[in-house]
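Asker: I'll drop the sequence and a predicted model, then ask my questions.
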Amino acid sequence: MPSKPIAAAATAEEEKESSATRLNLMPELIASQVASFRKKNIKSKCLPLHSRPSNSLKLYRRPNYYFSNFSDFLDFAIRENRQSLTSVEMSWIFFAALTELQRYLLLTEIGKLPNLVKLQMEGTTVKALIAALQAKGCGKLAYLHIGSLRISNEMDINTLAMQLKQQTSLQKVFLANVCVQIEGRHRLDDEGGVRFEEIRQQDGYYLTIDPLLKALADLPTLDKIDLQLELDASKVARIRDETLQALCRQKTKQLILQACNLDDQHCVAISRIEMEELELLSLAANEGISSEGWAIIAKMLETNYFMKYLETQYEGENETGPSQICRHKMDYYLKLNRAGRGNLSKVIDSHIGWVELLIREKDDVDISHYALLTNPCLCMNSSK
C-alpha cells in the first residue's frame with residue numbers, strides 16, 4: 001500500500017491535472033483574466049464562463065459555480081463583452097439563488113446590451129424582468145423566453161404590459177407557468193418569534209392577465225406567440241373573449257394557447273373572427289373545452305382556408321381533446337388548407353388552379369374528392 005504522503009501527492013497531482021484540463025478551454029483568455037484577478041487579490045470562480053462562445057452567456061448552475069464576487073462577475077461576464085453578447089440564458093437554479101438586489105443589478109446590465117437578440121429566463125419575478133426591459137439598451141431583442149413568471153398583483157401585470165408594448169423588435173415570445181405569489185408581511189408574535197402573515201384578498205378577487213395578453217396582441221412584429229400559462233383558476237380570472245380574439249387577429253403565424261383555462265365560450269369567440277395569417281393554433285391542455293367546443297372549432301375550419309395545423313391535445317393524452325370523428329373532420333380541412341385551398345379562393349378565375357391541384361394531389365382521395373365536389377365543372381367534357 002502507498003504511504004500517506006505518496007497518496008496525498010497523487011491526489012494533488014490529479015487535482016492539478018483536472019484544473020489544467022478545465023483551464024485549457026480557452027487558455028489565452030483565461031490566463032489574462034486570472035492574472036488580472038490575482039493582482040487585485042480576488043478569489044474568482046468565473047473561469048467556467050469562458051467555455052462558452054463569446055456571443056452567448058449561459059448560466060445554468062448555481063451562482064457559486066461561476067463567481068464568489070458578484071461585482072467582478074458583472075465586469076467579467078457582461079460589461080467586458082457588452083458589444084459581442086447577443087444571447088443570455090439563465091436557469092431557475094441560477095436565478096433563485098441570487099438575492100433580490102443581485103437579480104435587479106444583473107438584469108439591468110443585461111438590458112443595456114446593445115446587440116441582445118435572445119433573452120431566456122426561468123423562475124423570474126416581474127420586477128427583475130422589467131429591470132431588463134426598461135434599461136433601453138436591448139433594442140434588437142427578437143426572442144423573449146420566460147418560464148415560471150412570478151406575479152404578485154395587478155400593478156405587476158400592468159407595468160409589465162406597458163414595457164412589452166415598447167419592445168417593437170420582438171418576433172417570438174414564450175411565456176409559461178404564470179404563478180401568483182402570496183403577498184404578506186413578517187410580524188413578531190407574543191413570544192418574540194417572527195412569523196409570516198399572509199395578506200388575504202377579499203373573497204371573489206382574481207388577478208386578471210388580460211393587459212399582458214393585449215400588449216402581446218398589439219405588437220405587429222410577432223411571428224410566434226407561445227403561451228403555456230398553467231393558470232390557477234382559483235387566483236386568476238378567466239381570459240376575456242375580446243382579449244382572445246385580439247390575439248387571434250394578430251398577424252402571427254403561430255399561436256399556442258396551452259393550459260390557459262379556455263372553455264367552450266372561448267371556442268365560440270375564436271370561431272367568429274377571420275384569421276387569414278394564422279397557420280398554427282394550439283388549444284391543448286384546456287380541460288374546459290368539451291365536445292361542444294371542439295365541434296365549434298371543427299365547423300369553423302370549413303370556412304377557414306388558411307389554418308394548416310391545429311393542436312388539440314398533448315401526444316399520448318387521452319383524457320381531453322375532441323372525439324375521433326371530430327378530429328378526423330378537423331384533419332380533413334387542415335389537409336385541404338395545406339394543399340393550397342386558401343390560395344385558390346383568392347383567384348377570380350381559378351379553374352386552371354384547381355386542375356393543377358388535382359394533378360399535384362391525384363393520389364390523395366380526400367383532396368381530389370373536395371376539388372371535384374367544389375368544382376363540378378371539372379367533371380364536364382370540354383369537347384362538347
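Answerer: Yes, it's here. Keep in mind that this is a model prediction, so the values were computed, not measured.
Asker: Residue 90 against residue 121, yeah?
Answerer: Yes. Counting by C-beta atoms under 8 Å, residue 90 does reach residue 121; the two are 5.0 Å apart. (Glycine included, C-beta is placed from N, CA and C.)
Asker: Could you check which of these two has the larger neighbour count?
Answerer: Set residue 90 next to residue 121 and count neighbours by other C-beta atoms under 10 Å: residue 121 wins out with 26 against 23.
Asker: Then the more buried one would be within a strand, right?
Answerer: Yes. Assignment of residue 121 by DSSP: H, G, I helix; E, B strand; the rest coil places it within a strand.
Asker: Tell me what it is bridged to.
Answerer: In this structure, residue 121 bridges to residue 90, residue 146 when assessed by DSSP bridges.
Asker: Ignoring the adjacent residues along the chain, who's closest to residue 96?
Answerer: residue 123 (5.4 Å; C-beta to C-beta, 6 or more residues apart in numbering).
Asker: residues contacting that neighbour?
Answerer: 91, 92, 95, 96, 147, 148, 150 (C-beta atoms under 8 Å, 6 or more residues apart in numbering).
Asker: so how far is residue 164 from the closest residue to residue 92 other than its chain neighbours?
Answerer: Closest residue to residue 92 apart from its sequence neighbours, by C-beta to C-beta, 6+ apart: residue 123 at 3.1 Å. To residue 164, residue 123 is 19 Å away according to C-beta to C-beta, to the nearest Å.
Asker: Kindly report the same for residue 256.
Answerer: Taking C-beta to C-beta, one finds residue 256 at 17 Å from residue 164.
Asker: who has more neighbours, those two?
Answerer: residue 164 (23 against 19).
Asker: Which strands or helices does the strand or helix carrying the more buried one pack on?
Answerer: Using DSSP states H and E, residue 164 falls within helix 154-165. In this structure, helix 154-165 packs against helix 126-133, helix 210-217, with contacts taken as 3 or more C-beta pairs under 8 Å, 6 or more residues apart in numbering; DSSP states H and E.
Asker: Report the residue spans of this structure with pLDDT below the cut-off.
Answerer: The model of the chain has pLDDT under 70 over residues 1-54, 182-190, 192-205, 314-320, 345-350, 380-384.
Asker: ranges for the strands of it?
Answerer: 56-59, 87-90, 118-122, 143-147, 150-151, 172-176, 179-180, 184-188, 194-198, 224-228, 254-258, 280-282, 309-311 (DSSP state E).
Asker: so can I have CSV of these showing distance to residue 100?
Answerer: As requested, those are exported to CSV (distance: least, C-beta to C-beta, whole Å):
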stretch, distance to residue 100
strand 56-59, 17
strand 87-90, 15
strand 118-122, 15
strand 143-147, 18
strand 150-151, 12
strand 172-176, 22
strand 179-180, 17
strand 184-188, 15
strand 194-198, 16
strand 224-228, 26
strand 254-258, 30
strand 280-282, 35
strand 309-311, 38
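Asker: To what extent is the nearest residue to residue 128 once chain neighbours are set aside buried, counted in neighbours?
Answerer: Of all residues not flanking residue 128 in the chain, residue 103 sits nearest, at 4.4 Å (C-beta to C-beta, 6+ apart). When counting by other C-beta under 10 Å, one arrives at 21 neighbours for residue 103.
Asker: quick one: which of the helices and strands packed on helix 154-165 is nearest residue 111?
Answerer: Smallest distance to residue 111 across the helices and strands packed on helix 154-165 (C-beta to C-beta): 3.8 Å, for helix 126-133.
Asker: from the chain's centre, how far out does that closest one sit?
Answerer: 16 Å (C-alpha atoms, centre = their mean, to the nearest Å).
Asker: Make sure residue 169 is actually in contact with residue 133.
Answerer: No. When contacts are counted by C-beta under 8 Å, residue 169 is not listed as touching residue 133 (11.8 Å).
Asker: Who has more neighbours out of the two?
Answerer: With neighbours defined as other C-beta under 10 Å, residue 169 and residue 133 compare such that residue 133 has more, 20 against 14.
Asker: so who does that one touch?
Answerer: Residue 133 makes contact with 111, 160, 163, 164, 166, 167, according to C-beta under 8 Å, 6+ apart.
Asker: what sits against residue 219?
Answerer: 164, 165, 167, 168, 170, 250.
Asker: Check these against residue 363 and report the nearest one.
Answerer: residue 250 (36.4 Å).
Asker: check contacts around that closest one.
Answerer: Applying C-beta under 8 Å, 6+ apart, the residues near residue 250 are 216, 217, 219, 222, 225, 277.
Asker: Now distance to residue 127 too, for those residues, in TSV please.
Answerer: Putting the contacts of residue 250 into TSV (distance: C-beta to C-beta, whole Å) gives the following:
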residue	distance to residue 127
216	20
217	24
219	22
222	24
225	23
277	34
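Asker: hmm, which of these are the buried ones?
Answerer: 216, 217, 219, 222, 225 (16 or more other C-beta atoms under 10 Å).
Asker: Hmm, the first one is touching residue 247, no?
Answerer: What that stands for is residue 216. Yes. Counting by C-beta under 8 Å, residue 247 is a contact partner of residue 216 at 6.9 Å.
Asker: Residues that sit against both of these two, list them.
Answerer: residue 225.
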